[in-house]
Structure formats: structure tokens, C-alpha cells
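Engineer: Generate coordinates for the sequence data below:
(2 chains)
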2 protein chains.
Amino acid sequence: MLEETGPDRLPAYMAMLAAHAQAAAQALATQTSEKKSDALRQAAKIIAEKKDEILRINEIEVEAAEARGQQASFVDRMQLTPARITDICESLKKIADLPDPVGQVIREWSVQNGLEFQRVSTPIGVIAVIYESRPNVTVDAAALAIKSGNAAILRGGSECIETAKILHACFCEGLIAAGLPAYAAQIVATADRDAVGLLLGGLDNKIDLVIPRGGKSLVARVQAEARVPVLSHLDGICHVYLDRDADIEKAVSITLNSKMRRTGVCGAAETLLIDRERLPELLPPVAAALREAGCELRGDHAVTEIDPEIAHAIELDWHTEYLEPVLSIAAVEGVVGAISHIRQFSSGHTESIVTENAGTAQKFLDGVDSAIVLHNASTQFADGGEFGMGAEIGIATGRLHARGPVGLEELTTYKTVVRGDGQIRP
Amino acid sequence: MLEETGPDRLPAYMAMLAAHAQAAAQALATQTSEKKSDALRQAAKIIAEKKDEILRINEIEVEAAEARGQQASFVDRMQLTPARITDICESLKKIADLPDPVGQVIREWSVQNGLEFQRVSTPIGVIAVIYESRPNVTVDAAALAIKSGNAAILRGGSECIETAKILHACFCEGLIAAGLPAYAAQIVATADRDAVGLLLGGLDNKIDLVIPRGGKSLVARVQAEARVPVLSHLDGICHVYLDRDADIEKAVSITLNSKMRRTGVCGAAETLLIDRERLPELLPPVAAALREAGCELRGDHAVTEIDPEIAHAIELDWHTEYLEPVLSIAAVEGVVGAISHIRQFSSGHTESIVTENAGTAQKFLDGVDSAIVLHNASTQFADGGEFGMGAEIGIATGRLHARGPVGLEELTTYKTVVRGDGQIRP
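Structural biologist: Just a heads-up that it's a prediction; the model follows:
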């Protein structure tokens, strides 16, 4: 297909993908849970069987990327190993085992004239997933879409397109083996960058949702260009606030874990706020633990006055998602000051308060308007798996439809079913 | 304010509205139900007190519209009467009495490490409502926004701007009397059409949601231009399907009510589908009742063959929302044919099946993917009030966040509150 699409053929090709996806979505919407799960299990089996071929194709692409001088971290992300293929298959089986999010009666009620109402969960329709050169996303995104009754159009990074294509082919074999339409998961089989623009344009209202998975520049492009709804997050400027009533041990361990468990994830803390009233007592042990773990610290005036080894933070620091072992630290006037700082600088992702005072905690949980707010727990719990959701396709910081982890349930919408016995409206 | 904004001042003016709205939304998010409801009741009192002044201002605008030769239906919609002002006040009190949609625990769960999760409803933030020259929308939209903890920016039709402004001023007095920020409901006090474009652009990410209320051209412009989420519907091409197992009496009364109760509403039926197997029996009584009520009929070949007085429908008819006493009629191959016709031509708003066969009804309710699907009931029940939702700001046919009537609950989003005891992620 790659060779068949030239620039002039691209719109027709994309329109075809969209039409197939729409038809497949309609067929998929009323399939049984058993069939959908069976497709994922069959796909896992087929991927395991074709492991050697997948690895061979991936190796060619990895070598080409290395020859082009791609960064080691980039190459690592696109590289498959036998263990990583096993992980992909395990993930498929795990998603297959999750409860079906479609057809759930979310609420039931009736009104005086006897009409009975049910709000029932339904698939969204056609979901376009735009991601970078990460082979596992091809399978993960397709599996989450199918399990939630949606058709997927997958657009992966061009450096890894052949790996994505063979994984996709295996996935489709799973769909077919389960008696589901193969078009339920399609891959954009061209590296042409204009394909992304067409997806973001909605392809004549046939794309119902776009989910970008990848770095900031990808997400920013999707958010800026999309003419259809997007579930995504751009920044994860997460805060930990150590209150005057914080337990010192928890303050140290939660701050350390929030920042340093993994610094490159969106739920990693970027700014530490400390109640000015207890700054002299809380800062030293926290700073010592962070330093020992290799974290660079930047503080405001109050902070550097107590610990002159901490560098001076500039305004930009409060706006920065480092994604590195760097933490900015500010003193604030209690929980009100913390809420106010977070309102000004947070990206609405995840914030945590450490305090033994239940009233103060409640003030923070009420007053901070981020997708996820925690009390006495690490910001690194910002993850669908940790939420008990089984799997997630990403985290959303927009305000509509889904906030926080986007799992199977968040990939559904609803309709209202009304049952009467001949009622007409007066 | 109107006179102070020139074309060059407009962006600064709109940015100011947005900044005020954002600040007000933050203040409003944690207000008590009592205060919010009190504001609406106070506003009702003030509007009732200022009735004469409101009527006087409205009369000037009505006369000006008539002098410009506006259509009678347009003038009727913008005109206030003592009875209509009473309705506005009653609506305010009704919304005040509804349960607070904010702060509701939607779900609670915990995971093995002891973390406790709550999904809690929160306001969306800043909602821009763009509407035509209908004075009641100013008050209704503001009331629904405030009750759900959101700040509103109101932009009404220019022909009625002075009426909207005095109603808005009364509303703000209500806010102030209840101790809430007056900026929680702002009106765009200029007729400059570029103001709408700026709202649709999101004003530097300060507008969280746009709701258009009005005719198709307004909604189409909003859908085409908005860079922020929109809840709306463009068309209401609603279908009634008379199944082979339909009760004739219900078939007649539901079709008649769905089409003719009010022909200008979005939930009015535009196309009637009849099971071919029972067409000769079902068509005549239904057609007779519709004709007697003054409805023009257009049918496909099978329909006109039985009743040659029915005009021939053309392809365009199946795509048309008449909003007039006109109905297109097609014969279909049972429920499967009905679902297929609806998939092709429906706008995803509301469809109804008339049948005594529960299995067939379920097939229809499952297979038709519209916001509202009914069994043995009129499509004209497509209304938040009839759903028992108390009030609605409109009906949404998009697929994300809200489908069907948009009431107070649909004007909220959620956050996840996580309570721990020092948990860190391994």
C-alpha cells in the first residue's frame, strides 16, 4: 500500500480508511464481549507465533535508525526483543480479561407518565491514534479500541512503520479468527506526513476522536490542528505540597518518589511547595534525600536562604516540566498559598498534599482543580493501572468527557434508551 | 461598555472578560449549593421588580426590529410580555430548586495498596453561550451555568442586546446579593460580530466549552470555527419506524405526535419508516391522520403505489430536516432495513420504534446509534424536561462528554481524589 499512495492519492486513500473504519465500527458496536476478547487472545497467539519474523523486520528498522544517527533513547523505544514481544502478548490477554465497558446500564430512572429511561454505555465510533515509533502502541491501542467496541485507525512513527505493519497484520488475523471485521483496526500504511493532517481534519466527520501518544511536539500539533475531539495532555507540571502538619517521614518519601521514581513520566513532580511556617524543619531532610538521589534543586528566596547550596529558581522554573532530575522548590503561605501557586502554574494533571491534618487535606482536594488530586500519596500513582483500571491509553487533562487516565470506560460514550407503551407528548 | 469598544479594543475587551470569567469560575467552584441557589432566587426577585423597565427597553428593540422589517416569527421570539417575564422568573426558581450537580461522588473504590479513590463531579470552568435574539436564554443559560458552578460568558443576538443587558444586570444583582462574584455571569456588551470569533478561538485557553443556541447557521458557524469543545446539534433528522408488529393505534398516535405536536423543534420526526410487510395496512390510517392534521407527505415508490396522492420523494428528502408540516415516508425491509436507513440518513438525534415485539424493539434500541432511542413513544419527548432532568441548555449530538439533553449534570466534569497514608509507587 505504501508504494501505491502518492501525494495525489493520499486523500482518496485516507477517505477509504475512514469509510472502512466507520462501517467496521457499526459492525463492532453490537458484538459480544466474547468475540472481542477472543480476537485479542487470538492476536496474542499469532504475534507469539510470528515472533521471529517480527523481530527480523524490527531489526532492519532499528539498524536503519542507528545508521541515520538516531538517539539511543529513540532507538531503544522502537526496538523489540523477545521479552518485549511477550509483554505485548501479555498486555493483549490482560485487556481481553477486563470487563466489557459497552452495554453497561449507567443509570435507570422513570418519570410520571410511565416512560422508563436507561443511560447505556456505547462505543464512541472511530478513534484515530497518532503515535511515535513505539511498536507496542500499535497493538495496545488497537486492543483497547476493539475491546471498547471502537474501530481504530493507527498512525505510527515512520521509522518503525514496517514493524507496526506486521504487528497490525497479526492483530487483524486475530480479528478475522474471531469473526470480527479486519477493518476494525487499520494502519495508515504510508509515511506521508500529510496523512496526519487529514486524520486531524476528521475525514468528512468520520473520525470521532483523536488520541495522540507521544512527545510534546506531537501532542501540540494534534491539539492545534485537530478539528475533532482530542483526549490528551500536553504538560504534566505536577506539584507536591508539604503542609505545616506534614509527617516528616512521609514528606521525604513521597517527595522523593514523586520526583525520582521515574523522572520522564508525566506524573513526575516538577515543583515542591513547602509551607513557609515549617520550611526550616521540612526543607533540610527533603533536600538531603533528593540530593542523595541525584536531583538538582532550584529554590525561591526563602528556600535558598535556608539552604544556600540550592540554586536560585527563575520565573520560568515554575512553568517548566523538566522530565529530568531537577526540582523547583517554593515556600508558600499554607494550603491557601499552595492552591494559589498550583492554580497559577499547574497544567491540571496531578497534585499531592502531604499532611496529617484532615481538614487541610480536604481544603486542598477541594480547592485544587486538577484531573488527579492526592493526599499523602506519590504523584507517580497517576496511571490507569495504579487506579485499578486495568489499562490506559493515556492521561487527559482537557476538561470534557474524560479527565485523568483514559481506560476502556473512557473510550465509551452513552445513549439514552426510552421505553414506553404508546406515550405521546401533550 | 458598548461605546467603549472599537475594533482595535475588542481583543483586549474579550481577554478581560475571559480573565474575569476564569477568576470567577475558580471562586464559584467551591461555593455552597445554598449560595448558588440563593443567587438565582434573588435574581428572580429583582427581575420581577424591574419588570416595567425591562418591558420598556424590550419594546424599543422590538419596534426597531419591526421597523427594519424583521420576520414576525423573529420578532415574536425576541419580544417579552409580563407573562414571559414571569416564566423567566419561574424558570430561575425551578433551577434553584434542582439538586447541586457539583461535589457528587460518582464512584468510590480502593486498590490493594490501600489507596482510596473517589471520582467527584466538578464544574467545567468557563462556558460561553452564543445565542440569538431570545431574551430568556440570557437568564436561563446564566442560571444553569451558575448552578453547576461554572462562569458564563453570554453572547446574544444584537437585535436584542439591550434587553439582554438589563436582564443580565438583574442577574448580576442576584449574584451580588448572594455574595457571589458578579463576574460569574458576564455579557458581551458589544454587537461586534468579531466577538464571536474571539470566543470560538478560546481566548488563550480560558474558554472551556462553547454552547450555541439557535438556528442552523449559528450552530454551523460555531462547529466550523470553534477551537474549543462544543456541545450542540446541527440537525434533528428524527425517524419513526413502524414495525410489522406495531399496534395500529399507537402507530397513528405516535407518528402524528412525533411529527405534528410542534414541527419546528429538533425532536420532531422528519421521516417515517414502515415495515414493507405491513405497509398496506399501516400506511392508510397513518397517512389519513397526518393529512387531516395538515401534513404534506412525500413517499418512495412503494408508498406512492399504495397511496397515489402522496408526492414522490427525492433523494434529498431523506437528508432533510423540514421543521415544517412535511414528512417523508419510506418502506423498509423490517427492523434491519430501518436500522440501515437510519444509519445512512439520521443526524444521530432521536429515533423511535413502534412495535409490540420486545425482541424487535431490543434489536432497534441496540442497533440504532443515536443519542436518544425510544420504544413506543413519541420522538418529541427528546427534551431534558421530559427526561426528568429539570432543565436543559440544549441537546448534543456529538459523541463525547454528553449525548442528548444537556442539563446541569452534563455541565460538570470530574476529578479523581486519591487518599493515602504515605503510599509511594514501587
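Engineer: and the stretch 151-300 of chain A, which of its residues are near chain B?
Structural biologist: For the stretch 151-300 of chain A, the contact set with chain B under CB under 8 Å from any CB of the partner chain comprises A:208, A:209, A:229, A:247, A:249, A:250, A:253, A:254, A:256, A:257, A:258, A:261. Where you see a C-beta, it was placed from the backbone N, CA and C, and this is true even at glycine.
Engineer: which residues touch the fourth one?
Structural biologist: Contacts for residue A:247 were tallied using CB atoms under 8 Å, 6 or more residues apart in numbering or on different chains; they are A:354, A:356, B:422.
Engineer: can you put the residues of the stretch 151-300 of chain A next to chain B in a markdown table and add distance to residue B:363?
Structural biologist: Output for these, formatted as a markdown table (distance: CB to CB, whole Å):
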| residue | distance to residue B:363 |
| --- | --- |
| A:208 | 23 |
| A:209 | 27 |
| A:229 | 29 |
| A:247 | 59 |
| A:249 | 61 |
| A:250 | 56 |
| A:253 | 56 |
| A:254 | 53 |
| A:256 | 57 |
| A:257 | 52 |
| A:258 | 51 |
| A:261 | 51 |
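Engineer: What subset of those is buried?
Structural biologist: In terms of neighbour count (16 or more other CB atoms under 10 Å in any protein chain shown), the buried residues within those are A:208, A:209, A:229, A:247, A:250, A:253, A:254, A:256, A:257, A:258, A:261.
Engineer: So which of those is the closest to residue B:158?
Structural biologist: Nearest to residue B:158 out of those is residue A:229 (CB to CB; 30.5 Å).
Engineer: Now the phi/psi pair for the closest one, please.
Structural biologist: phi -60, psi 140 (degrees, to the nearest 10).
Engineer: do the same with residue A:238
Structural biologist: Torsion angles, degrees, to the nearest 10, at residue A:238: phi -100, psi 150.
Engineer: Test my guess that it contacts residue A:374.
Structural biologist: No: between residue A:238 and residue A:374 there is no contact under CB atoms under 8 Å: 9.7 Å.
Engineer: Who has more neighbours out of the two?
Structural biologist: residue A:374 (33 against 29; other CB atoms under 10 Å in any protein chain shown).
Engineer: need the longest strand for chain A.
Structural biologist: strand A:412-423 (DSSP state E).
Engineer: Check whether it comes into contact with chain B.
Structural biologist: Yes: when contact is scored as CB under 8 Å from any CB, part of strand A:412-423 falls within range of chain B: A:413, A:414, A:415, A:416, A:417, A:418, A:419, A:420, A:421, A:422, A:423.
Engineer: Relative to residue A:28, how far out is the fourth one?
Structural biologist: Residue A:416 sits 21 Å away from residue A:28, going by CB to CB, to the nearest Å.
Engineer: Between those two, which has more neighbouring residues?
Structural biologist: Set residue A:416 next to residue A:28 and count neighbours by other CB under 10 Å: residue A:28 wins out with 27 against 21.
Engineer: got any residues that touch both of residue A:238 and residue A:374?
Structural biologist: A:350, A:351, A:352.
Engineer: Across the sheet, point out what pairs with the residue in the stretch 251-400 of chain A positioned nearest to chain B.
Structural biologist: Residue of the stretch 251-400 of chain A nearest chain B, by CB to the nearest CB: residue A:377 (3.1 Å). Assessed by DSSP bridges, residue A:377 has beta-bridge partners residue B:423.
Engineer: which residue ranges form the helices in the stretch 1-150 of chain A?
Structural biologist: A:10-29, A:33-49, A:51-67, A:72-78, A:82-97, A:135-147 (DSSP state H, counting those that start in this stretch).
Engineer: about what we covered before: just the buried subset of the contacts of residue A:247, please.
Structural biologist: A:354, B:422.
Engineer: taking the buried ones among the residues of the stretch 151-300 of chain A next to chain B one by one, which sit in helices?
Structural biologist: A:250, A:253, A:254, A:256, A:257, A:258 (DSSP state H).
Engineer: which residues touch the spatially closest residue to residue A:320 that is not a sequence neighbour?
Structural biologist: Excluding its sequence neighbours, the residue lying closest to residue A:320 (CB to CB, 6 or more residues apart in numbering or on different chains) is residue A:270, at 6.6 Å. With contacts defined as CB under 8 Å, 6+ apart, residue A:270 is in contact with A:236, A:237, A:238, A:239, A:259, A:320, A:321, A:322, A:327, A:328.
Engineer: Please determine how far the fourth one is located from residue B:417.
Structural biologist: Read that as residue A:239. For residue A:239, the distance to residue B:417 - CB to CB - is 16 Å.
Engineer: same thing with residue A:214?
Structural biologist: 29 Å.
Engineer: of those two, who's got more company?
Structural biologist: residue B:417 (23 against 20).
Engineer: my read: the more buried one touches residue A:365, true?
Structural biologist: Yes: between residue B:417 and residue A:365 there is a contact at 5.1 Å, judged by CB under 8 Å.
Engineer: which residues do those two both contact?
Structural biologist: A:373, A:375.
Engineer: any idea how far residue A:383 is from residue B:15?
Structural biologist: 36 Å.
Engineer: So the two - more neighbours on which side?
Structural biologist: Neighbours were counted for residue A:383 and for residue B:15 using other CB under 10 Å; residue A:383 has more, 18 against 14.
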